[in-house]
Each structure stands twice: as structure tokens, then as C-alpha cells.
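J.: Pasted the sequence and its predicted model underneath.
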Amino acid sequence: MFRPLLSLALGAACPWVAAPAFAQTDPPTRPEQAEPSASPDAPSGRVKSLGVVTVTGGQPTSLPTQIPTTIEGVTREQIETSINATDSEDALKYLPSLLVRKRYIGDYNHAILSTRASGTGNSARSAVYADGILLSNYLGNGIANGTNYAPRWGLVTPEEIERVDVMYGPFSAAYPGNSAGAVVDYVTRMPTRLEAHVKAGYSSQPNDLYNTRQTFNSWQTSASIGSRSGENNEGPWSWWIDVNRTDSHGQPLTFTTATVASGVPGRAGVPVTGYVSGLNTTNTPWYILGTGTAYHTVQDHAKLKVAYDFSPTVTAAYTLGWWQNSSEGRPESYLSGSNGLPVYSGPVQILGRSYTLAPTAFPLTDDRQTHFMHGLSVKSHTQGVFDWEVSASLYDYAKDQQRAPTVALPLAAVGGAGTLQDQNGTGWNTLAAKGTWRPQGVGGAHIVDFGIGRDAYKLAIVKNNVSGSWVDGPANAFSPVSNVGGRTETFNAWVQDAWSFAPKWKTVLGLRYEDWQASDGLTATATSFQPYAKRSESDLSPKAALAYQLTDRTVLKASLGRAVRYPTVGELYGATSGGALSFVNDPNLKPEKSWTGELSAEQDLGNGLARATLFHETTTDALFSQLVPGSTVSRVQNVDKVRTTGVELAYTGQDVLMRGLDLGGSLTYANSKTVANAAFPASIGKWQPRVPQWRSTAYATWRPDARWAFTVAARYSGKQYSNLDNSDVNAFAYFGASKYFTVDLRARFQIDKRWSAAFGIDNANNYQYWNFHPYPQRTYTAELRFDL
């Protein structure tokens, strides 16, 4: 089920490859499920030979023509059939060794991708693209107060996905060092004939945690239409329009707490009830006093794609994406006084101890964001001696504001003093030129990919007190709180050669050069101004892969690559404060440098594929953001050396044991530890934060006939930690990162040719688990879809 849709290179080029060998293919199409044949330019053009995937087709993609490493994927049909997909990142749910930290439907600021050797605090160690346009947000890494650096998942909706490919590891010279974890490449639909789709979805999550007992509901609606011009749809123009609205209520994500010992013995303060006793991540007794943030988010998405064929072999494509978000974060106090009214601030008394609640102990936030995405590419796809492509993209924070009160509830609910944080001017742009040279033509011994490019990032975060009410008052330029920002820029040049140097042997050799600069850095407050000197560094990153056809059904592969992940603007300059958490920057951070290798064996089983991969990664000067013990301050730092060794097993099978039954799964073991860290010796020998030792997926889809499909899927992740020193021994608490085991269910019914319906349950076993924030509890989903 969840794997690339690949076809084999057969015939004279590779006469020794047996018909289905080493292709991770879609389930064989059954007669009762037959669909119209795909266009020759469909984005599913993938050819796999000797463990190296060759990408064909004319649509924009970030993938090079030769992919020398492990690749997994999922197609549109598989998503529709088997996944309760409310956001685009849900397409990755059951792929090996991946986890997206999605906390609620429409999670726009914390949904970070975790991979084999990278945790959910390291968003800058993976690369996410859609139609060749960068969605990963390299303005920062992870989460900082009032800002977020998760990929821009909202610029892709599940309904427009044609396929998703995931390339594991930094083994292609075409990608920056941020690909150390994985590259995720979305290809969205571009019709070859008139088509239209409408979908409505509803989700409901009954939630019971601490003193919160409430049901949180979400609605989603989407519509899309597209076509190709000309008689018989053979004209040069093609177009696609997709719109989507999400109205989501999420469960509480943060909590107001106080350790028991922080109270002063005595009778001062208002006696309160309603608090919840518990243990924090270090098993220290504390009180949960209420919730801090539960989001109600309304998001709108619109996308226009236009493509024009200048000739049968040259195509230009333009993408315009628009994303709007209005989000309210609201708290709830569990505390009540003798009069029965909620208590939000001031001195309170709990069991003979006094605690003072700050005015912002129960914080409110209002976020308003409008982002634009542009992508333009012109490429040839002759599949002849030479092909080329030029592309450019722009991601623009046209509006990105967060308002928050500095006065306490209940006044804060209607107004009062507050702050306005504005990121206007923030964004990034990319420019690239690529070529593919086949000196001996198609089927020749060499295929050479090469390119040059430039990526530029600008961060600008200005925070001021407001004049009048925090709800709608203008920023007071004469009352600043902070002003941080800066720029980074990277120039790159790369080349890689896929060389079939002997029968049954193929190698891919690559080299990437990068020249990085950081400039215009500043950190300012109301009383200080700190500019930073310009910095630069250049690095070479070699890559190599080797594949050998051991038997007609067995291929062996080895890959090795170096990756250099440069500090982001946010890590260098983005100090923030004044909210639930604060972040301390470091302008002198070193780039983290990784060597990653893997050995794989792939075995074709006739009706499925099995793979075993041994992987190893050593990273020096690894970049981590960590809470300072006993505080709400997060500080970014270099860790001298982190080492990861592991094994990944994956299997997919179609018509297993019986017709219509597809099975699959994965199992990953990772021994990932800090092996050197002079600045924090207590972390040496401890597990890397948020990289579990064990994780696995399993799924089964049964299609009893052409109309019904039933899926059961499970995910497991073992014990993990959030702190470098592994001091957070109680993972099942706020701030903790816990193990989990969840079971998801989905049933889909094809009502007729046009209409379909689906019902699903995520986390059907209602497992309560944490990743700093609590994950959703059992969630019911239902959807109705019309396809023209």
C-alpha cells in the first residue's frame, strides 16, 4: 500500500531484471476497480533499476532524475482509500520511521517532521517540497515563543495530492544539508481533461484530561476544478484551482502549573479549589491550575496552477498559493474561590501554601496570518541527450501578527493593555537552474545531473505594546518590546553521475558545494540594541551510492553522504520573550555536520516487497534548542557529537493470503545518543531527544468488492526523552515526550461513479500520549465526496 508507484526498466537496457523485481508497485489493478489510463506526463513516472529510481514526466518536482537511496511513498488512491487525511501531512502517517507532531486538525505552528535520527524539535533537518516549491521553513528550527518553523503544510490540501515521495538521508547532491533526515516531495494534480471535486468532512474528539471534559469538533470543506485546453484535451494549456476551508476546535495544548514546593507556607491569598495534583516530568509534585492554550482556528486555502506547453517537450508552470489563518488561543482556569467564580491572577492559597499568579498566567492570543506562495518553472522533458530546467519560488509573510494581553482575565477577555508582534517582511525565495546530460542517450552508461542555485531567507519580528486595547489597538512605535531579525543566503553548485559501469552494477557519485552567509543580524529591546557581524562559510559535501543485482529478485545497495546544516536566522538572531516561553539566540553557532550511511537489501516477493536497511549517522556540532532547567527559557546550543545506529525493516504486499487483502508495515530500531558534549557533560551517553529506540507501523486494507474498502492501521513509538540529560523521566506529563500505541480505522464506500463516503476513527483505543503537548484522544471522522 504505502510505497512509491514505480515501474521497472525492462528490456535491452537491463535484460537481466525479472518482470516485477525491485519495483515498489501499486497493487495490481483488479478488473472491477479499473480506472482511466494515466497520461504519459502523469507525475507518477518513476522507473526503478538496480535500486536507483529514475524520475520521468513533465510536472514540476524537486526530485533529481536519479535517486540513489531508499525511497517510500503513497499515491492519491491510497490516501483516499486508507487514511483519515484532514491535513496534507497525514499522508505520511504510516511510512517507515516518520512522525509529524500534529496536535490538532489544522495545526499550523507545531507540526514538525521527525525522521530516523532526528526528533520533533529539529524541523530544519528535513526538506519538504510541493511541485518543486520549498515548504520547509528554514527561518528557524523547531518552535520559539510567538514564532514557528514547521513546514507550510497548509499550502497543500489532501484532496489535491497526486502522490508523495519520501527520500531518506542526504545521499543526493541536489539537496541542501537540511535533507539529513529526509526529503518529502509532494506532487499535486494537474488534469489532462475536465474534472471537478467537492468534499465535506467532519471530525469530533471527546476529550477528558485533568479537569477538561469537552468535545472538540472540526469542519472541512474543499472544492477543486481543472482541465486541459483544446480538442480532445490536447491543447497547450492546463489549469487547476483548489480551495479549502478548515474550521477547527482543538483540545487544550498548554497548562498553567506550579510546583508544590514553590508555594510559601502560610495563609495569604484567596483559598481556591479545582486544582489537579500530579507529578511533572522529573516526578516533582505540582499542581495543574488550568489550561493555557486551546486553539479555535479558521483557515482558508486557495491555489491556482497553470501550465503551458511551448512544444511537446518544453513546459512552463506557474503556481500561486494563498493561505489565511485566524486563530484564537483561549485558556480555562480550574481554580475557583469561595464564591464559585474562576480565579485567574493574584495570590492564591492551596493546602496551606501561597502562590502568586501573574497577570498572564492564563494567556490569550489572537493570530492573524496571510501568506502567499509563488512558483515558476520552465523545463524540458525530451528524455534525450540533454534536458534542462529553470525555476524560482517565493514565500511571503504578507501579514503575520499575534496579539496578546498583558492584563489578567476577566478584563483581558474584552480588552486592556497588551502587545502586538508583527512579522511583516519575513519570507524566503529560491532560484535554481538544473540540467540532465545523457552522453550516450537513453539507456547509456552515464546520466549526469547538475545544477546551481541560491536560497535566501529574511526574518523580521517586531513586538510593540499597543495603544488602547490589545484586541484591535495599533502598535505603539514609541513603546517597543523587542525587534529581532536578520538574513541568511546560500549559493550552491552540484553534480552527480549515475554510472552503470558493469553488468549488474550501478553507482551514483555526487558532490555539492555550498557558500553560506549570515548578515544584518540584530537583537533589540526597549533599552538595548545589539547588531551582529556578518558571517560566512563554504563547504563541500560528497555523496556516493552503489547498487548490485545479486539475483533476479534481490538487490543490494550502499549509500554514503555528508550534510552540512547551517544555523537558521532564528537560531542566530531570533531572541524572543514575554510569553509562555522565551528563546535565547546565539550568533556564534557552528553549522552541524553529518556523515550518514546506509546498507540495504531489497527482495521482491512476487506480490510484495521486503526491505532491510542498516543506517548510521554521526553528527558533530548538532544544533538543539533546550529548556534551561527550572525555567521557561529555551536556549539554542551546539552539541559536540551525536551518533545514531539503527535498522529499518519494511514490507508491503498485495493480495496476501486472499484476493483484495493488502498488508504492510515497518519496524525501526535506533540507538541514538550524545557521545560528546563538553558544555553539558550530564548529557553524554544519554538518548538523543525525541528519537525513540523503537517505532513501528502496521496496516491492512481489505477490498471485498469494487465498492468497499476497510483499513486498520497501528503505530507504535517507544520510550523517549525531551531533555539532553534525559532528566524528564516521567513522560506522561505536560512537557513530556511519551511512548504511544494507537490504532486507526477507516471504511470507505463508493456509492456510485460520482459519490463516495468514508467513516474513520483515529486513536480508536484512546491512548493518552504526549509530545510536550497532549496529542488528540479518540477522534471520529466522516466525509462525503463528489467527483466529476
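T.: Good, I have the coordinates.
J.: Was I right to think I83 contacts R746?
T.: Yes. Look at I83 against R746 with Cβ atoms under 8 Å: they come within range, at 7.0 Å. Every residue, glycine included, has its C-beta placed from N, CA and C.
J.: Are there residues contacting both of the two? Which ones?
T.: Listed as contacting both I83 and R746 by Cβ atoms under 8 Å, 6 or more residues apart in numbering are T711.
J.: Can you tell me which residue is spatially central in the protein?
T.: L113 (3.8 Å; Cα atoms, centre = their mean).
J.: Can you report how many residues neighbour the residue lying closest to that residue once chain neighbours are set aside?
T.: Once flanking residues are discounted, L113 sits nearest to S126: 4.7 Å by Cβ to Cβ, 6 or more residues apart in numbering. Look at S126: counted by other Cβ atoms under 10 Å, it has 22 neighbours.
J.: hey, C-alpha coordinates of stretch 553-573 in CSV?
T.: Coordinates of each C-alpha in stretch 553-573 appear next as CSV, following Å, rounded to 0.1, in the frame of the first residue of the first chain:
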residue,chain,number,x,y,z
ARG,A,553,14.8,-10.8,-7.2
THR,A,554,17.4,-9.3,-4.9
VAL,A,555,19.3,-6.0,-5.0
LEU,A,556,21.9,-4.8,-2.5
LYS,A,557,22.6,-1.1,-2.0
ALA,A,558,25.1,1.1,-0.1
SER,A,559,24.9,4.8,0.3
LEU,A,560,27.1,7.4,2.0
GLY,A,561,26.7,11.2,2.2
ARG,A,562,27.9,14.3,4.0
ALA,A,563,25.4,17.0,5.0
VAL,A,564,26.1,20.5,6.4
ARG,A,565,23.1,22.1,8.1
TYR,A,566,23.8,25.8,8.6
PRO,A,567,22.3,27.8,11.5
THR,A,568,19.0,29.4,10.7
VAL,A,569,18.3,33.1,11.1
GLY,A,570,16.1,32.4,14.1
GLU,A,571,18.7,30.4,15.9
LEU,A,572,21.3,33.1,15.2
TYR,A,573,19.3,36.3,16.0
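J.: Could you report the pLDDT at V636?
T.: For V636, the model assigns a pLDDT of 87.
J.: Contact partners for it?
T.: Here V636 is in contact with 141, 571, 583-586, 589, 623-625 (Cβ under 8 Å, 6+ apart).
J.: Would you report which members of those are assigned to helices?
T.: E571 (DSSP state H).
J.: just for the chain, where's the confidence low?
T.: 1-60, 65, 68, 144-146, 576-582, 627-632 (pLDDT under 70).
J.: need the next SSE after the longest helix seen in it, C-terminal direction.
T.: Secondary structure of the chain read by DSSP H shows that its longest helix is helix 76-82. Using DSSP states H and E, the next helix or strand after helix 76-82 towards the C-terminus is strand 99-100.
J.: which among the contacts of V636 gets closest to D107?
T.: Nearest to D107 among these: N141, at 17.5 Å, using Cβ to Cβ.
J.: Hmm, that closest one is touching N122, no?
T.: Yes. The pair N141 / N122 is scored as a contact, 6.3 Å apart, by Cβ under 8 Å.
J.: who's more crowded, these two?
T.: N122 (28 against 25).
J.: give the contact list for the residue nearest to the centre of the chain.
T.: With Cβ under 8 Å, 6+ apart, L113 has these contacts: 89, 92, 98-101, 120, 123, 126, 128, 151, 181-182, 184.
J.: For those residues, give me JSON lines that also has distance to G274.
T.: Shown next, in JSON lines, are the contacts of L113 (distance: Cβ to Cβ, whole Å):
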{"residue": "E89", "distance to G274": "36"}
{"residue": "L92", "distance to G274": "40"}
{"residue": "L98", "distance to G274": "40"}
{"residue": "L99", "distance to G274": "34"}
{"residue": "V100", "distance to G274": "34"}
{"residue": "R101", "distance to G274": "30"}
{"residue": "T120", "distance to G274": "32"}
{"residue": "S123", "distance to G274": "36"}
{"residue": "S126", "distance to G274": "42"}
{"residue": "V128", "distance to G274": "42"}
{"residue": "P151", "distance to G274": "39"}
{"residue": "G181", "distance to G274": "43"}
{"residue": "A182", "distance to G274": "44"}
{"residue": "V184", "distance to G274": "44"}
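J.: T246: which of those residues is nearest?
T.: Looking across the contacts of L113 and measuring by Cβ to Cβ, the closest to T246 is E89, at 13.2 Å.
J.: is it true that that closest one touches K102?
T.: Yes. Checked against Cβ under 8 Å, the pair E89 and K102 is within contact range at 6.0 Å.
J.: what do the two both touch?
T.: A111.
J.: So which of the two has more stuff around it?
T.: Neighbour comparison, E89 and K102: the larger count goes to E89, with 26 against 23 (by other Cβ under 10 Å).
J.: Distance check, that one against P591.
T.: In this view, E89 and P591 are 27 Å apart by Cβ to Cβ, to the nearest Å.
J.: Give me the distance from the longest helix of the chain to the chain's centre.
T.: Distance, stretch centre to chain centre, for helix 76-82: 19 Å (Cα atoms, centre = their mean, to the nearest Å).
J.: out of everything not next to it in sequence, what's closest to Y202?
T.: The nearest residue in space to Y202 (Cβ to Cβ, 6+ apart) is A782, at 5.2 Å.
J.: isn't there a strand covering the one you found?
T.: Yes. A782 forms part of a strand when assessed by DSSP: H, G, I helix; E, B strand; the rest coil.
J.: That one pairs with what?
T.: Counting by DSSP bridges, A782 is bridged to Y202, F759.
J.: residue contacts, it?
T.: Here A782 is in contact with 201-203, 757-760 (criterion: Cβ under 8 Å, 6+ apart).
J.: Go again with 10 Å.
T.: 84, 200-204, 757-760 (Cβ atoms under 10 Å, 6 or more residues apart in numbering).
J.: And it, how far from K534?
T.: 55 Å.
J.: for E783, same thing?
T.: 52 Å.
J.: More neighbours: which of those two?
T.: Higher neighbour count among E783 and K534: E783, with 21 against 11, using other Cβ under 10 Å.
J.: now for whatever helix or strand S594 lives in, which elements pack on it?
T.: Using DSSP H and E, S594 sits within strand 592-604. Contacts defined by 3 or more Cβ pairs under 10 Å, 6 or more residues apart in numbering; DSSP states H and E place strand 592-604 against strand 161-168, strand 535-551, strand 554-565, strand 608-627, strand 633-653.
J.: What residues of the fourth one count as buried?
T.: Read that as strand 608-627. 608-609, 611, 613, 615-627 (16 or more other Cβ atoms under 10 Å).
J.: same question, the last one
T.: Going by neighbour count (16+ other Cβ under 10 Å), the buried part of strand 633-653 is 634-640, 642-646, 648, 650-653.
J.: For the helix or strand containing L663, C-alpha coordinates in PDB please.
T.: Element membership of L663, judged by DSSP H and E, is strand 661-676. Only the C-alpha atoms of strand 661-676 are listed here, as PDB (Å, rounded to 0.1, in the frame of the first residue of the first chain):
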ATOM      1  CA  LEU A 661      -6.100  -8.000   1.100                       C
ATOM      2  CA  ASP A 662      -3.100  -5.700   1.200                       C
ATOM      3  CA  LEU A 663      -0.700  -5.800   4.200                       C
ATOM      4  CA  GLY A 664       2.300  -3.800   5.200                       C
ATOM      5  CA  GLY A 665       4.400  -2.500   8.000                       C
ATOM      6  CA  SER A 666       7.700  -1.300   9.300                       C
ATOM      7  CA  LEU A 667       9.900  -1.700  12.300                       C
ATOM      8  CA  THR A 668      12.700   0.700  13.200                       C
ATOM      9  CA  TYR A 669      15.400   0.400  15.900                       C
ATOM     10  CA  ALA A 670      17.600   3.400  16.600                       C
ATOM     11  CA  ASN A 671      20.400   3.700  19.100                       C
ATOM     12  CA  SER A 672      20.800   7.500  19.100                       C
ATOM     13  CA  LYS A 673      22.900   9.000  21.800                       C
ATOM     14  CA  THR A 674      25.000  12.000  22.700                       C
ATOM     15  CA  VAL A 675      28.600  10.800  22.800                       C
ATOM     16  CA  ALA A 676      30.400  14.200  23.400                       C
END
